[in-house]
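Visitor: sequence and predicted structure are below.
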Amino acid sequence: MEGRYDEVRDRLYSSRNPVVLTGAGVSAESGVPTFRGEDGLWRNFRAEELATPGAFARDPLLVWEWYDWRRQRISQVKPNPSHIAIAQMGTRHKNLTLITQNVDGLHTLAGSKDVLELHGNIWRLRCTECGKVVENREVPLKLLPRCVCGGLQRPDVVWFGEAIPGDVLSECIERIERSDFFLVAGTSGVVQPAASFAGMAKRAGAFLVEVNTDETPLSYMMDVRFSGRAGEVLPDLA
Ligand code: OAD
């Protein structure tokens, strides 16, 4: 396997436009629960039942309680060696694009710059009436939070059935279509549109690498797979 580490490192640092895509598995070793792992349930709900506009319309308090629980967990954790390794890759390779599905902000905390946050950020709130977005780091949050205009605020994240903000998505696609190296770490590869990014990179001719403890629906198209914990594999690749 060591030979493969050398090869992937060489590929990464000799590439022109590397792209890294991360998911919840990268934050797992910090203590942030993943969505589809054993600890993925909260009060017997799955993410797909809570992270939807319909759930929020029916029961905003329930949805907010889940997000408030996640915010409390995240506020107590620190970036782990995966986040730090990816930040180092970005320091060593100025053209590196980092796309994350994570809303926890840990990549930025670890020092990554210009992170493309596909699913938003849990530390921002958005008014459901006037659309105003504010940063808010209160934990626990006083539920239900209200905007200065009086409107109910929601987490500024992307829910199932909602579109990714157009500017973020087009930026991701543009970078992937130019990529020659694509590393995907800690994502189950089942949630769109991120699930189709590896295929897009492949069509662009990129060298594909996956880091995951388990096989995923993306595994078959990889040039190299590292089966292991991101916090152990990524520092060796950086
Ligand atoms: P998932 O919970 O679906 O998948 C986590 C992936 O990380 C799995 O493939 C695990 O095998 C892997 N994994 C777990 N621990 C790991 C470790 N220490 N090192 C490496 N891999 C590890 O999370 P995502 O793929 O990020 O969206 O989920 C995608 C989206 O679905 C989320 O952004 C969220 C969710 O519902 C919304 O809320 C809209």
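Guide: Cool, the structure landed. Computed from a predicted structure; not experimentally measured.
Visitor: let me see the domain layout of this structure.
Guide: 2-31+77-119+164-237, 33-76+121-157 (automatic domain parsing).
Visitor: just the CA coordinates for the longest strand seen in the chain, please, in PDB.
Guide: As assigned by DSSP state E, the longest strand anywhere in the chain is strand 120-127. In PDB, the C-alpha atoms belonging to strand 120-127 read as follows (Å, rounded to 0.1, in the frame of the first residue of the first chain):
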ATOM      1  CA  GLY A 120     -24.700  25.400   3.700                       C
ATOM      2  CA  ASN A 121     -23.400  26.000   7.200                       C
ATOM      3  CA  ILE A 122     -25.100  25.100  10.500                       C
ATOM      4  CA  TRP A 123     -23.700  28.300  12.100                       C
ATOM      5  CA  ARG A 124     -25.900  30.500   9.900                       C
ATOM      6  CA  LEU A 125     -29.600  31.100  10.200                       C
ATOM      7  CA  ARG A 126     -31.900  32.300   7.400                       C
ATOM      8  CA  CYS A 127     -35.200  34.100   7.800                       C
END
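Visitor: what's in contact with that strand?
Guide: 67, 70-71, 74, 103-105, 132-137, 145, 147, 149, 151-158, 165 (CB atoms under 8 Å, 6 or more residues apart in numbering). Heads up, the C-betas are built off the backbone N, CA and C, glycines and all.
Visitor: what are the pairing partners of that strand, and which direction each?
Guide: Strand 120-127 pairs in its sheet with strand 133-135 (antiparallel), strand 153-157 (antiparallel), by DSSP bridges.
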